[in-house]
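[1] got a sequence here, can you build the structure:
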Amino acid sequence: MSAPLRAPLGHTAFRNLFLGRTAAETANAVAPVALAFAVLDLTGSAAMLGLVVAARSVANVVLVLFGGVLADRLPRAVILQGTELGAAASQALLAAAVLGEFATVPLLLVLSVVNGALAAMSLPAAASSTPQTVPSGLLTQANALVRVGANTGRITGAAAGGAVVGVSGPGWAMGANTVLFLLAALSYRGVRVGATRPDRTSTPLAELKAGWREFVSRRWVWLVATQFMIVNAVLAGCVAVLGPVVADQTIGRAAWGVVMAANMAGALVGGIVAARLRPRRALAVGVALIAVEAVPLVVLAQSPNLVLLVAAMFAAGIAVEQFVVSWDLSLQENIDENVLARVYSYDMLAGFVALPLGQVAAGPLAERFGEQATLIGGAVLLVLTTGLALLSRDVRSLERRVSPEDPPVDRSATG
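    Sure, this is the predicted structure:
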């Protein structure tokens, strides 16, 4: 009989990792809301807001690979503590600047870059730490719990950030965010796991090359990473950009908020479902379910009805969580722990680059071909890329190394 979803929480290291990641995700959801309104209060300029927000994204792209190298060279818990303390310090400075009325655009720009850099350095360490904190037989439940915590943090953070900004202003929201980052750092102090064993005589560039070799040496890794890069680009353009445009013309802005909430609710349910449904060929199932993401695009293009959109986005939220959990599990079970963070960093880089590409391309494509054709084209592209990924025998045949029925093998203290 398989272990329940809560079973990983019985392991102290995982429990602290779970709490730390949830607090960090909540803080990272509050941060852009508070920063956006701070920039608007200061300048009233959408262009300036775009510049400050873009600076954070650029820092993510530039430094995520370096974050992977660090996470494979140093104790991951130390990196997580350090980045969260740095984030707390930058948020405290932002809060002081806004509340003390000495904030300037250059200061906000610099601190936005700092926050983006810290997030980039923490993400590979956080993603690669899970298999060090639980027995291998609990990896599915652990990854599902991490996703449930992350999605809960994002929903709570975005809502709470907007509420605090509305009531007290962005400065106080940044102050509250400082506390969240400090709580994350405190939780990470309890993540006591064995250190990885890298070749400390090699240079960071050599280690990046080694990570790239690991990334491309397995066909299923680079194929699925490429598939999801395209998925990210399509969804960033069709849902994040064209979705509000179509909603404005049809169901209305408030209804679009309900649609997006349904998607997040689906993601929360999806994490629980992923812990209970554990097929042996989890990666193939997860990759195939990505095709469900095409359904909301078709509904949005053909019949932007609120009930249909809510149902489609809820189903898409469930589906994408099956993919994410199966993807994490596949990487953690098949990639050597000493290079896992670097493989994660290449995967994250692809996702970071895809988002602005999709967002920038959506508008011109819609102007050239029409919103409906662009949405249908995005849906077709999602289905095609999913089909192409499933054509690979490596993707279809990859099996879990530990069966849900197998007894757990304790690996929480391994290096």
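
[2] so the protein: which segments form each domain?
    Partitioning the chain according to automatic domain parsing yields domains covering residues 1-195, 204-401.

[3] possible to save the ones you listed as TSV with mean pLDDT and mean neighbour count?
    Just so you know, the C-beta spots here come from the backbone N, C-alpha and C atoms, and that holds for glycine as well. Rendered in TSV, the data for the domains of the chain read as follows (pLDDT from 0 to 100; neighbours: other CB atoms under 10 Å):
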stretch	mean pLDDT	mean neighbour count
domain 1-195	87	21
domain 204-401	91	19
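
[4] now do the helices in the stretch 51-200 of the chain.
    76-99, 105-129, 139-168, 170-188 (DSSP state H, counting those that start in this stretch).

[5] Pro75 is in contact with Arg192, correct?
    No. Under the criterion of CB atoms under 8 Å, Arg192 lies out of contact with Pro75, with a separation of 9.3 Å.

[6] common neighbours of these two, please.
    Shared contacts of Arg192 and Pro75, defined by CB atoms under 8 Å, 6 or more residues apart in numbering, are absent.

[7] for whichever helix in the chain runs longest, packing partners?
    Counting residues, the longest helix found in the chain (DSSP state H) is helix 12-43. The contact analysis (3 or more CB pairs under 8 Å, 6 or more residues apart in numbering; DSSP states H and E) places helix 12-43 against helix 46-73, helix 76-99, helix 105-129, helix 139-168, helix 170-188.

[8] the second one packs against which elements?
    Packed against helix 76-99 by the contact rule (3+ CB pairs under 8 Å, 6+ apart) you find helix 12-43, helix 46-73, helix 105-129, helix 170-188.

[9] swap in the first one?
    Using 3+ CB pairs under 8 Å, 6+ apart as the contact test, the elements touching helix 46-73 are helix 12-43, helix 76-99, helix 105-129, helix 204-217, helix 340-369.

[10] go on, the longest one?
    Contact analysis of helix 139-168 by 3+ CB pairs under 8 Å, 6+ apart lists helix 12-43, helix 170-188, helix 253-276, helix 306-334 as its packing neighbours.

[11] just send those back as JSON lines, with distance to Arg393 too.
    Below are those laid out as JSON lines (distance: least, CB to CB, whole Å):
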{"stretch": "helix 12-43", "distance to Arg393": "34"}
{"stretch": "helix 170-188", "distance to Arg393": "40"}
{"stretch": "helix 253-276", "distance to Arg393": "24"}
{"stretch": "helix 306-334", "distance to Arg393": "15"}
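
[12] quick one: which of those is nearest Ile79?
    Closest to Ile79 of the helices and strands packed on helix 139-168, according to CB to CB: helix 170-188, at 8.9 Å.

[13] quick one, the closest one and helix 139-168 angle?
    For the pair helix 170-188 and helix 139-168, the angle between their directions (axes from the mean of the first three to the mean of the last three CA atoms, to 10 degrees) equals 160 degrees.

[14] tell me the gap between helix 170-188 and the middle of its chain.
    Distance, stretch centre to chain centre, for helix 170-188: 19 Å (CA atoms, centre = their mean, to the nearest Å).

[15] packing partners of that helix?
    For helix 170-188, the elements it packs on are helix 12-43, helix 76-99, helix 139-168, judged by 3+ CB pairs under 8 Å, 6+ apart.

[16] quick revisit: tilt between the longest helix of the chain and helix 76-99?
    Computed by the same axes, to 10 degrees, the angle between helix 12-43 and helix 76-99 is 20 degrees.

[17] quick one: helix 12-43 to helix 105-129, angle?
    Regarding helix 12-43 and helix 105-129, their directions subtend 160 degrees when assessed with the same axes, to 10 degrees.

[18] tell me who's in contact with Phe37.
    Taking CB under 8 Å, 6+ apart, we find Phe37 in contact with Val165, Gly169, Pro170.

[19] out of the helices and strands packed on helix 12-43, nearest to Val310?
    Evaluated over these, closeness to Val310 peaks at helix 139-168, with 15.9 Å, by CB to CB.

[20] and that closest one with helix 306-334, angle?
    Taking the same axes, to 10 degrees, one finds that helix 139-168 is oriented at 130 degrees with respect to helix 306-334.

[21] return the distance of helix 139-168 from the chain's centre.
    Counting by CA atoms, centre = their mean, helix 139-168 comes out at 12 Å from the chain centroid.

[22] begin at 28 from now on, thanks
    Okay, using 28 as the starting number, the last item reads as helix 166-195.

[23] ok, so what distance separates Ala343 from Leu324?
    9 Å (CB to CB, to the nearest Å).

[24] sorry, back to before: what angle separates the longest helix of the chain from helix 73-100?
    Orientation note: helix 39-70 sits at an angle of 160 degrees relative to helix 73-100 (the same axes, to 10 degrees).

[25] please convert the helices and strands packed on helix 103-126 to TSV, extending it with distance to Gly405.
    Written out in TSV, the entries for the helices and strands packed on helix 103-126 read as follows (distance: least, CB to CB, whole Å):
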stretch	distance to Gly405
helix 39-70	25
helix 73-100	21
helix 132-156	26
helix 197-215	34
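
[26] grab the nearest non-local neighbour of Ala328.
    If you skip the residues right next to it in sequence, Ala328 has Leu402 as its closest partner in space, 3.7 Å away by CB to CB, 6 or more residues apart in numbering.

[27] which ones are touching the one you found?
    Residues in contact with Leu402 (CB under 8 Å, 6+ apart) are Cys265, Leu269, Val273, Leu324, Val325, Leu327, Ala328.

[28] now with 6 Å, please.
    Leu402 makes contacts with Cys265, Leu324, Leu327, Ala328, as judged by CB atoms under 6 Å, 6 or more residues apart in numbering.

[29] which stretch among the helices and strands packed on helix 103-126 comes nearest Leu356?
    When the helices and strands packed on helix 103-126 are ranked by proximity to Leu356 (CB to CB), helix 132-156 comes first, at 11.9 Å.

[30] I figured Thr205 hits Ala115, correct?
    Yes. Because the distance of 5.0 Å satisfies CB atoms under 6 Å, Thr205 is recorded as touching Ala115.
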